[in-house]
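In: Okay, predicted coordinates and the sequence, questions at the end:
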Amino acid sequence: MRQTDLIVLGAGPAGTEAALAASAAGLDVVLVEEAQAAGGQVWRAPYPGLALPKPDEDATAGAALRDRLVASRVETHFNARAWSVNTLPEGGFRLDAATESGPLNLAAPRLVAATGAVERVIPFPGWTLPGVVGLAAATVMLKAQAVLPGQRVVVAGCGPLLAAVAAKILASGGEVVAVVDRASRAEWLAATRHLATRPRLLARGLGWALRIAGRRVPVLFGHAIHAAEGQDVLEAVQVAPLATDGSFAAAPPRRFMADALCVGDGLVPGAEIPRLLRAPMRFDRTLGGWVPQVDAEGRTSIPGLFAVGDGALLRGQAPAVHAGRLAGLAAAHDAGRSDAAAFAQ
């Protein structure tokens, strides 16, 4: 059993920042991640030995994060699948994971759960056909493998990942035959007003939209996938308009020939660890559904348990970075490694 001061589960922006902040404050930190490198979904690392043709902003930010992690004292375990997390009778937590080199057994008085979000896909006829993938899977292909999900792609679902994935496919040389958005134009205009408080994020979204518009890709608002067609692989996609209650309207579906369909109907916080350990949860539909109750530094009501990033609240990469840093500093403060004045700064 490896005894440590802090276990961090998940090496996305939130988890890595929590590990770095706590380690810099003097804690012995062990970071556990199922992927082959830190970065999470947004800053996903390319596979070893793969040179990206043209690194974008996300690739550059991810590389910088990984460089900081290598230069730190954080002990890292990648390609590690956590299969058990429990509280200990004497207090604290035990984490067991399967790694390429064998079992990993950790114990610590504090645990940061930074397990990200889970993609939601609403089933439709043909959704298990080869060629139908989630938006998250498409980002893995594009960012980590530098391959297209297909030659003629329909991108469908809801949320900002639609535009991000479509723009990335176009930038990588692929063809997007349609973007199918469950949200209406009015709903997007309402969301844009809120994005005005985050001009950098708004500008990035507008850049995606301009790339899509510049290639004359049809964008169907208030539509959803009616069915995916094909014998052994995807051959075509049926798209139909939605009524105000979310059901399909009484209109014939449109048909697009495609060999790939990237679909995702929003995200759900990956809050399995707080829920498993019986941390109080609350329902907030704007933040992804059931989320753990946490304070300003990410503490749950269970002593020593923190929940940060999209695994706690669906707020995206930028807030996750700050939430992770706060949780790491709070863990160090709670361990007596910094006084109240230093922590307040």
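Out: Right, received. Where do you want to start?
In: Neighbours of residue 328, how many?
Out: Applying other CB atoms under 10 Å, we find 31 residues neighbouring residue 328. For every residue, glycine as well, the C-beta is placed using N, CA and C.
In: buried ones in the one helix or strand it maps to?
Out: Using DSSP states H and E, residue 328 sits in helix 317-334. Neighbour-count burial for helix 317-334 flags 317, 319-321, 323-334 (criterion: 16 or more other CB atoms under 10 Å).
In: likewise stretch 52-62?
Out: 58, 59, 61, 62.
In: Looking at those, spot the one nearest residue 107.
Out: residue 62 (30.3 Å; CB to CB).
In: got the buried residues of stretch 52-62 as CSV, with pLDDT columns?
Out: Converted to CSV, the buried residues of stretch 52-62 look like this (pLDDT from 0 to 100):
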residue, pLDDT
58, 84
59, 84
61, 91
62, 91
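In: Mind picking the two most distant members of the residues you listed?
Out: Among the buried residues of stretch 52-62, 59 and 61 lie farthest apart (CB to CB), at 7.5 Å.
In: overlap in contacts of these two?
Out: residue 43 (CB atoms under 8 Å, 6 or more residues apart in numbering).
In: re the thing from before, can the buried residues of stretch 52-62 go into a markdown table with extra columns for secondary structure and distance to residue 51?
Out: Below are those laid out as a markdown table (DSSP: H, G, I helix; E, B strand; the rest coil; distance: CB to CB, whole Å):
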| residue | secondary structure | distance to residue 51 |
| --- | --- | --- |
| 58 | helix | 16 |
| 59 | helix | 11 |
| 61 | helix | 18 |
| 62 | helix | 15 |
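In: Now do the helices in the stretch 101-250 of the chain.
Out: 135-140, 161-171, 185-195, 199-214 (DSSP state H, counting those that start in this stretch).
In: looking at the ones you listed, which has the lowest confidence?
Out: Comparing mean pLDDT across the helices of the stretch 101-250 of the chain, the weakest is helix 185-195, with a mean of 75.
In: hmm, who's touching that helix?
Out: 181, 183, 201, 202, 205, 221, 222.
In: go with 10 Å
Out: Helix 185-195 is contacted from outside by 158-160, 181, 183-184, 201-206, 209, 219, 221-222, using CB atoms under 10 Å, 6 or more residues apart in numbering.
In: Buried subset of the residues you listed, written for ChimeraX?
Out: With 16+ other CB under 10 Å as the criterion, this ChimeraX line picks the buried residues out of the contacts of helix 185-195:
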select :158,159,181,183,204,205,209,219,221,222
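In: Show me which of the contacts of helix 185-195 is closest to residue 66.
Out: For the contacts of helix 185-195, the nearest to residue 66 is residue 204 (21.7 Å; CB to CB).
In: pretty sure the closest one contacts residue 160?
Out: Yes: using CB atoms under 10 Å, residue 204 is in contact with residue 160, at 9.1 Å.
In: for the buried residues of helix 317-334, which one is nearest residue 78?
Out: For the buried residues of helix 317-334, the nearest to residue 78 is residue 324 (17.6 Å; CB to CB).
In: between the buried residues of helix 317-334, which is closest to residue 6?
Out: The closest of the buried residues of helix 317-334, once distances to residue 6 are taken by CB to CB, is residue 331, at 5.3 Å.
In: Tell me which of the helices of the stretch 101-250 of the chain is the most buried.
Out: helix 161-171 (a mean of 22; mean count of other CB atoms under 10 Å).
In: For it, what is the distance to the chain centroid?
Out: 16 Å (CA atoms, centre = their mean, to the nearest Å).
In: repeat for stretch 227-245
Out: 26 Å.
In: Can you point out the buried residues in it?
Out: 228, 229, 230, 234, 236, 237, 238, 239, 240, 241, 242.
In: Poorly predicted segments of the chain, please.
Out: 53, 193-197, 199, 342 (pLDDT under 70).
In: How far off centre is stretch 145-153?
Out: Mean-position distance between stretch 145-153 and its chain equals 20 Å (CA atoms, centre = their mean).
In: May I see the buried residues of that stretch?
Out: 148, 149, 150, 152, 153.
In: between those residues, which is nearest residue 102?
Out: Using CB to CB, the buried residues of stretch 145-153 come closest to residue 102 at residue 149, 34.7 Å.
In: Let me see the backbone angles for the residue lying closest to that closest one once chain neighbours are set aside.
Out: Excluding the flanking residues, the one nearest residue 149 by CB to CB, 6 or more residues apart in numbering is residue 260, at 4.4 Å. Here is the backbone geometry of residue 260 (degrees, to the nearest 10): phi -150, psi 140.
In: any idea how far residue 135 is from residue 260?
Out: Using CB to CB, to the nearest Å, residue 260 is found at 12 Å from residue 135.
In: got any residues that touch both of the two?
Out: 149, 155.
In: roughly how far out does the helix or strand hosting residue 30 sit from the chain middle?
Out: Taking DSSP H and E as the definition, residue 30 sits inside strand 29-32. Strand 29-32 has its C-alpha centroid displaced from the chain centroid by 19 Å (CA atoms, centre = their mean).
In: Which strands or helices does that strand pack on?
Out: strand 6-9, helix 13-24, strand 75-77, strand 93-99, strand 102-108, strand 110-113, helix 317-334 (3 or more CB pairs under 10 Å, 6 or more residues apart in numbering; DSSP states H and E).
In: Nice, that's everything, thank you.
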